[in-house]
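Asker: Everything below, folded, please.
(one chain, ligands or ions: 2)
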Amino acid sequence: MANDNHGPHGRLPEAFASDVQIENVSKSYRLPNGTDMLALDRFSLSVKAGEIVSLIGPSGCGKSTLLRTIAGLERPTTGKVSVAGKPIDGPSAARGFMFQDPSLFPWLNVRHNIQAGLVARGVLHGRRAEVEEFLNVVGLAPFAELHPHQLSGGMAQRAALARALINDPQVLLLDEPLGALDMFTRMRMQDEVLRLWRLRHVTMLLVTHDIDEAIYMSDRIVVMSPAPGRVERIITVPLDRPRHRNDARFFDLRAEILEELHFAGD
Ligand SMILES: Nc1ncnc2c1ncn2[C@@H]1O[C@H](COP(=O)(O)OP(=O)(O)OP(=O)(O)O)[C@@H](O)[C@H]1O
Ligand SMILES: [Mg+2]
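Answerer: Ligands and ions are numbered 1, 2, ... in the order given. Here you go, the predicted model:
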């Protein structure tokens with residue numbers, strides 16, 4: 001990966017991508033009636049450092065549960081997750097999480113939202129230039145003083161993306177981050193995420209319901225079974241980057257995946 005963006009003076013520091021090993025992870029939840037509900041069933045996946053892997057599967061199959069487990073917000077019932085060889089034992093800024101709803105702090109303006117993680121870790125002082133750099137990268141420099149209620153959905157998503165990336169995550173966990181956006185904003189945001197991925201070379205796990213998004217973005221697509229979630233199939237996307245949305249092979253791959261999901265139609 002080209003190192004064209006790094007350095008101490010207002011340039012983005014290098015993030016170190018890490019591999020993610022998910023080994024035989026099962027997760028069951030205790031329901032109010034006392035029974036256990038299995039959300040993930042012996043899920044295993046090995047994600048290479050710097051890889052983008054998409055997860056697709058029916059609602060309720062455990063995609064968010066899996067991302068939360070990798071984030072360290074949930075503990076697996078059995079099995080384990082490790083990042084760069086270290087077992088996960090709780091949340092860490094090294095694993096950025098972008099939720100479907102951008103969940104910005106409503107009382108902070110855009111700049112303060114983006115730098116919130118640096119403030120929390122007491123490192124803002126040395127990194128103010130980077131905050132400005134990130135505001136530029138996501139095109140929000142002119143809007144730095146606005147509060148979340150004054151932003152469009154796409155702007156809020158870009159602020160959330162910058163907020164996740166400024167903490168130098170080794171792994172970025174994206175839970176349908178673009179689901180609420182209109183098609184054009186969504187395509188622009190996909191390019192934005194890919195551009196930042198090229199700059200930072202971060203490892204990404206992306207939950208999406210959009211097959212085109214999965215093909216456009218990822219190196220591999222994991223198709224999950226209905227609940228309890230298992231790996232049903234892993235499809236490698238054999239397209240070079242940058243990709244073209246109207247490439248014939250793109251359509252072939254989409255047809256293949258729809259067939260796999262039994263949505264190809266009669
Ligand atoms: N905290 C919880 N307590 C009890 N059950 C839960 C909890 N979180 C998730 N579940 C259950 O686990 C299953 C998987 O949920 P999860 O949110 O991981 O699905 P998902 O694949 O992300 O679905 P969607 O595509 O709708 O977002 C569901 O049946 C859900 O009800
Ligand atoms: Mg979910």
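Asker: drop to CA atoms for contacts and neighbour counts, all remaining ones
Answerer: Noted.
Asker: So what does the residue of the stretch 101-250 of the chain found nearest ligand 1 have for phi and psi?
Answerer: Distances between the stretch 101-250 of the chain and ligand 1 by CA to the nearest ligand atom are smallest at residue 227, namely 6.9 Å. Dihedral angles of residue 227 (phi, psi; degrees, to the nearest 10) stand at phi -50, psi 140.
Asker: who are the neighbours in contact with it?
Answerer: 38-40, 60-62 (CA atoms under 8 Å, 6 or more residues apart in numbering).
Asker: So which of those residues sit within helices?
Answerer: Nothing among these maps onto helices, per DSSP state H.
Asker: Now rank those by neighbours and give me the top one.
Answerer: For those, neighbours were counted using other CA atoms under 10 Å, and residue 40 has the most, 29 neighbours in all.
Asker: That one against residue 27, yeah?
Answerer: Yes: the pair residue 40 / residue 27 is scored as a contact, 5.0 Å apart, by CA atoms under 8 Å.
Asker: any residues in contact with both of the two?
Answerer: Common contact partners of residue 40 and residue 27 (CA under 8 Å, 6+ apart): residue 65.
Asker: which bits of the protein sit near ligand 1?
Answerer: Counting by CA under 6 Å from any ligand atom, the residues of the chain close to ligand 1 are 29, 31, 39, 58-65.
Asker: which one of those residues sits closest to residue 159?
Answerer: Nearest to residue 159 out of those is residue 64 (CA to CA; 21.4 Å).
Asker: where does residue 179 land on pLDDT?
Answerer: Looking at residue 179, its pLDDT reads 81.
Asker: ok, now residue 256?
Answerer: Residue 256 carries a pLDDT score of 87 in this model.
Asker: and it, how far is that from residue 206?
Answerer: Taking CA to CA, to the nearest Å as the measure, residue 256 falls 20 Å from residue 206.
Asker: Which one's more surrounded, the two?
Answerer: Higher neighbour count among residue 256 and residue 206: residue 206, with 25 against 14, using other CA under 10 Å.
Asker: In terms of helices and strands, where is the more buried one?
Answerer: Assessed by DSSP states H and E, residue 206 sits inside strand 203-207.
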